[in-house]
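Undergrad: Output the structure for:
(3 chains)
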Amino acid sequence: MGTYVLVHGAWHTGELLEDVAAPIRAAGHEVHCPTIAGNRPGDSKRTGLAEAIASITDYLAEKDLNDVVLMGHSYGGMVITGVADREMARLRRLVYWNAFVPNDGEALNDMVPPHYVTLFDQIAGQSDDNSVMLPFPIWREAFINDADADLAQSAYERLNPHPYATFTDAISLKANPAEMPVAKSYINCTEDTALPHSATWHPRLSEKLGLFRLVQTPGSHELSFTDPALLAEKIMLAGRD
Amino acid sequence: MGTYVLVHGAWHTGELLEDVAAPIRAAGHEVHCPTIAGNRPGDSKRTGLAEAIASITDYLAEKDLNDVVLMGHSYGGMVITGVADREMARLRRLVYWNAFVPNDGEALNDMVPPHYVTLFDQIAGQSDDNSVMLPFPIWREAFINDADADLAQSAYERLNPHPYATFTDAISLKANPAEMPVAKSYINCTEDTALPHSATWHPRLSEKLGLFRLVQTPGSHELSFTDPALLAEKIMLAGRD
Amino acid sequence: MGTYVLVHGAWHTGELLEDVAAPIRAAGHEVHCPTIAGNRPGDSKRTGLAEAIASITDYLAEKDLNDVVLMGHSYGGMVITGVADREMARLRRLVYWNAFVPNDGEALNDMVPPHYVTLFDQIAGQSDDNSVMLPFPIWREAFINDADADLAQSAYERLNPHPYATFTDAISLKANPAEMPVAKSYINCTEDTALPHSATWHPRLSEKLGLFRLVQTPGSHELSFTDPALLAEKIMLAGRD
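TA: Model (predicted):
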């Protein structure tokens, strides 16, 4: 069976993917849910993108993981793209789940609508450590629209302030994702409005992968909270050969 | 439990939403299905948009309804937007179901393709009371594509000629929907081709709401006939806090 | 009950639609799955589009089929459009399943992205009979993305080289499909990435039909292999009056 490494999105931790990991493990796979530098308890909120990427390449090296299906969610797409650039030999397939796909020189903020950049700038500017949180009303309506009010609230309370430099740092890549010699999949949740559907994840960002396998599922940007078993099933469809 | 007011679309009446109301009532909510002025038996087909809106604000006042989840279908989106402009204090949330979302000064006809405007102009011009009906072949293929022939025919026979002025009158609003201080949801039926998918309901019109909650479901523009229980379920997901 | 004629896509044969035909027959319909000239064992791979179309009009005439629901898949959309142009009187409805919809003077290659044309040109140029095959990695990821590896491989082995002239020949029509006096439906598989979703089947090509009935289903471009029973169900929803 395979080895899956699931890389979380902004404001999240690896622990929040454990309910997704469980059914994948039950199907016989090895699953890791590391937390990216900058989101671990005690991490500096001034962590930048290069350091975030290095924390996952270090994880793969420390555990000596090979033939890895490496999944990234949302901001995690920046991280797994960077990991593929540095550690291609350890990878079997990249899986993007409603994730950013950067070309060389792009920052996450280059791929989000201007009103989000303005909002993030403002929130980070008001923090004392250049971190951002997502206001609850936006998160509830646009990110976890398929949850009831109680789940939306309890999930929100498990998020942590995100190091804003990882959104503004441009990524440095030797090759763009479309040219990377590795299999690629994109999971698209059809009710994900974290990016507006007029300028959304798929196909706007997914097609930057070149040849890729599309897997779609009903669900919001936070399907890992609202239906982790469904997401696990889709990850296995995206991750198989 | 909550109070739902369901506002029908063009050619329809409130009675045609009773099969949708029933499962919402069964879940413990209070549900009202008023008929808009211009579509009630005996109403003048020269009714305009302001009068149509007033008939629903009057309904809310007469019944003294508060904390209302106000849903509008199709043309009903024009009406609920006008109601929100006049009677915000009575509302808890606006729910648009494949509905028009007007900004100040817009008419419904500003949001439909030119070939529909041409067709409507022609049909209204041939009527003796400035009313429009939708030709059956268009309704059967583009509006109720998920019905069998018998349901398409029997449902069509329950429609009534629509007062065309409500399509051509510009709405007058103190603020555009994106600025209205009320929660908003948009229900999108993914097989709704009443507007062509190249210039369709969501995200083209839904994003005029600013921050909103997206709920999607399989189904045509006339899901209230073809699967009222499914629509009821989606209305409750859209209407909850 | 009705008469269905199912016309396969490029690289396929009628035999590969038999698993789709079976449930339609079980529902009481007559179903034919002819193989288009150029794809039959022993056919010249220099077969052109006019000859391909003629092989299906000949089939309808030989069997004297009338009131036909004529379905075309992918390249089969070129063929059924040509058949409708020549043999309208035998048809009850056209059903396009993720199929090309040509106007007069268009070739299939006019509707695919430039990188596919470049690839096809290259492959046909390297053949000794102007035929094209689809490289397995592209077919596996972009055409049959919902299959497991074994099904993808075994299905691929049943394909045959396709006569490339049928992609490059312009079709000759007396009227464009939107003007053809016959009912039309379009079945869209929502995970079909055989054409990239930034320039895809529906609504880009489907709306060339003018008034048509949309039926959607989860699935890839090769749903006939991955879930023939589901496809059969959708064909019957598309084909009914």
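Undergrad: tell me the secondary structure for the closest residue to A:Leu173 other than its chain neighbours?
TA: Nearest non-adjacent residue to A:Leu173, counting by CB to CB, 6 or more residues apart in numbering or on different chains: A:Asp104, 4.1 Å away. In short, each C-beta sits where N, CA and C put it, glycine included. Per DSSP: H, G, I helix; E, B strand; the rest coil, the local secondary structure of A:Asp104 is coil.
Undergrad: Which pLDDT does the model give A:Asp104?
TA: Looking at A:Asp104, its pLDDT is 98.
Undergrad: A:Leu70 contacts A:Leu91, doesn't it?
TA: Yes - under the criterion of CB atoms under 8 Å, A:Leu70 makes contact with A:Leu91 at 5.6 Å.
Undergrad: check contacts around the residue nearest to A:Leu173.
TA: Counting by CB atoms under 8 Å, 6 or more residues apart in numbering or on different chains, A:Asp104 touches A:171-176.
Undergrad: The same query, at a cut-off of 7 Å, please.
TA: A:171-173, A:176 (CB atoms under 7 Å, 6 or more residues apart in numbering or on different chains).
Undergrad: Would you show me how to pick out the buried ones of the residues you listed in ChimeraX?
TA: Entered in ChimeraX, the line below selects the buried ones among the contacts of A:Asp104, by 16 or more other CB atoms under 10 Å in any protein chain shown:
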select /A:171,173,176
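Undergrad: Leaving out the residues flanking it, which one is nearest to the most centrally placed residue in chain A?
TA: Nearest to the mean C-alpha position of chain A, by CA atoms, centre = their mean, lies A:His73 at 2.2 Å. Closest residue to A:His73 apart from its sequence neighbours, by CB to CB, 6+ apart: A:Gly9 at 4.2 Å.
Undergrad: Can you verify my assumption that that neighbour contacts A:Met78?
TA: No - using CB atoms under 7 Å, A:Gly9 is not in contact with A:Met78, being 9.7 Å away.
Undergrad: which stretch of helix or strand covers A:Val31?
TA: For A:Val31, the host element (DSSP states H and E) is strand A:30-32.
Undergrad: Give me the contact list for that strand.
TA: With CB under 7 Å, 6+ apart, strand A:30-32 has contacts from A:3-6, A:21, A:24-25, A:63.
Undergrad: next one: that strand to chain centre, how far?
TA: Its chain's average C-alpha position is 16 Å from that of strand A:30-32, according to CA atoms, centre = their mean, to the nearest Å.
Undergrad: Show me what the helix or strand following that strand is packed against.
TA: Downstream of strand A:30-32, the first helix or strand assigned by DSSP H and E is helix A:49-62. Using 3 or more CB pairs under 7 Å, 6 or more residues apart in numbering or on different chains; DSSP states H and E, the elements in contact with helix A:49-62 are helix A:76-87, helix A:165-168.
Undergrad: Relative to chain C, which residue of chain A is the closest?
TA: Closest to chain C within chain A is A:Pro203: 3.8 Å, counting by CB to the nearest CB.
Undergrad: Which parts of chain A are helices?
TA: A:18-26, A:49-62, A:76-87, A:114-126, A:136-138, A:149-156, A:165-168, A:223-226, A:228-239 (DSSP state H).
Undergrad: In chain A, which residue sits nearest chain B?
TA: For chain A, CB to the nearest CB, closest residue to chain B: A:His197, 3.8 Å.
Undergrad: what's the closest non-adjacent residue to that residue?
TA: B:Pro203 (3.8 Å).
Undergrad: again with A:Phe120
TA: Nearest to A:Phe120 is A:Val132, by CB to CB, 6+ apart, at 5.1 Å.
Undergrad: what do you get for A:Val31?
TA: Closest to A:Val31 by CB to CB, 6+ apart is A:Ala21, at 4.1 Å.
Undergrad: So A:Glu106 is in contact with A:Ile171, correct?
TA: Yes - using CB under 7 Å, A:Glu106 is in contact with A:Ile171, at 6.2 Å.
Undergrad: and A:Ser154, how many residues sit next to it?
TA: Look at A:Ser154: counted by other CB atoms under 10 Å in any protein chain shown, it has 11 neighbours.
Undergrad: got the contact list for it?
TA: Neighbour list for A:Ser154: empty [criterion: CB under 7 Å, 6+ apart].
Undergrad: cool, and A:Val95?
TA: If you count contacts by CB under 7 Å, 6+ apart, A:Val95 has them with A:69-71, A:185, A:187, A:235, A:238-239.
Undergrad: How much space separates the nearest residue to A:Ala194 once chain neighbours are set aside from A:Ala84?
TA: Distances taken as CB to CB, 6+ apart put A:His221 closest to A:Ala194, at 3.9 Å, once the chain neighbours are dropped. Separation of A:His221 from A:Ala84 (CB to CB, to the nearest Å): 23 Å.
Undergrad: isn't the residue nearest to A:His197 right up against A:Ala199?
TA: No - applying CB under 7 Å, one finds B:Pro203 not in contact with A:Ala199, separated by 9.0 Å.
Undergrad: And the two? Which one has more around it.
TA: A count of neighbours by other CB under 10 Å puts B:Pro203 above the other of B:Pro203 and A:Ala199, at 19 against 13.
Undergrad: I'd like to know the phi and psi angles of that one, please.
TA: With angles defined as degrees, to the nearest 10, B:Pro203 sits at phi -90, psi 0.
Undergrad: need the contact list for it.
TA: A:196-198.
Undergrad: Residues of chain A that sit close to chain C?
TA: A:202-203, A:207, A:211-214, A:216, A:240-241 (CB under 7 Å from any CB of the partner chain).
Undergrad: residue contacts, A:Gly2?
TA: Here A:Gly2 is in contact with A:29, A:67, A:69, A:239 (CB under 7 Å, 6+ apart).
Undergrad: one more time with 8 Å, if that's ok
TA: A:Gly2 neighbours (CB under 8 Å, 6+ apart): A:29-30, A:67, A:69, A:92, A:239-240.
Undergrad: One more: A:Thr193?
TA: Counted by CB under 8 Å, 6+ apart, A:Thr193 has contacts A:142-143, A:145, A:200, A:220-221, B:214.
Undergrad: Any chance of those residues in JSON lines with pLDDT as columns?
TA: Converted to JSON lines, the contacts of A:Thr193 look like this (pLDDT from 0 to 100):
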{"residue": "A:Ala142", "pLDDT": "98"}
{"residue": "A:Phe143", "pLDDT": "98"}
{"residue": "A:Asn145", "pLDDT": "98"}
{"residue": "A:Thr200", "pLDDT": "96"}
{"residue": "A:Ser220", "pLDDT": "98"}
{"residue": "A:His221", "pLDDT": "98"}
{"residue": "B:Leu214", "pLDDT": "98"}
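Undergrad: Right, I'll call it a day here.
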